[in-house]
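In: Dropping the sequence and predicted coords here.
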Amino acid sequence: MKPHPLNSLFDKVIADFQEGLAQYAQEILQKSMETAKLGQLGDSTGFDPYMVLGLSQDCSDDEVKRRFRELARMLHPDTSTCQGTGFLFMLVNAGYEHIAKERQWR
């Protein structure tokens with residue numbers, strides 16, 4: 001049975017969309033990192049690292065670490081079965097780094 005000609009068209013549209021989304025996500029991440037270097041992450045950007053990790057601000061350090069590891073395993077681009085998780089992985093990583101810096105783990 002021959003594949004329908006629209007299948008290859010849909011595949012191309014999806015691939016183009018994913019490429020555009022990846023470029024857009026990279027631009028957003030770059031701007032966020034520039035803001036973070038200025039020490040403003042979480043202040044004027046509206047970036048809430050606790051919300052990104054799905055935690056409350058009064059959670060323990062162990063809860064933060066456990067949640068980060070869980071999300072990192074699930075969203076890492078090398079191990080995830082879903083495409084497009086790279087940006088989410090970068091957001092989770094940025095959130096964890098912000099909390100670690102705030103709580104002075106490093």
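Out: Done, it's in.
In: In this structure, mark out all the helices, start to finish.
Out: Using DSSP state H, the helices of the chain run over residues 5-37, 49-53, 61-75, 86-102.
In: can you put those helices in a markdown table and add mean neighbour count?
Out: Glycine gets a C-beta too; all of them are placed from N, C-alpha and C. Formatted as a markdown table, those follow (neighbours: other CB atoms under 10 Å):
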| stretch | mean neighbour count |
| --- | --- |
| helix 5-37 | 12 |
| helix 49-53 | 18 |
| helix 61-75 | 15 |
| helix 86-102 | 18 |
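In: which of these has the lowest average pLDDT?
Out: When these are ranked by mean pLDDT, helix 5-37 comes last with a mean of 70.
In: Tell me which residue lies nearest the centroid of this structure.
Out: What sits nearest the mean C-alpha location of the chain, by CA atoms, centre = their mean, is Leu88, with 2.0 Å.
In: Would you check how far apart the closest residue to that residue other than its chain neighbours and Gly20 are?
Out: Among residues not flanking Leu88 along the chain, Leu75 sits closest, at 4.9 Å (CB to CB, 6 or more residues apart in numbering). Look at Leu75 and Gly20: by CB to CB, to the nearest Å, they are 20 Å apart.
In: just Gln57 next, same as before
Out: Applying CB to CB to Gln57 and Gly20 gives a distance of 35 Å.
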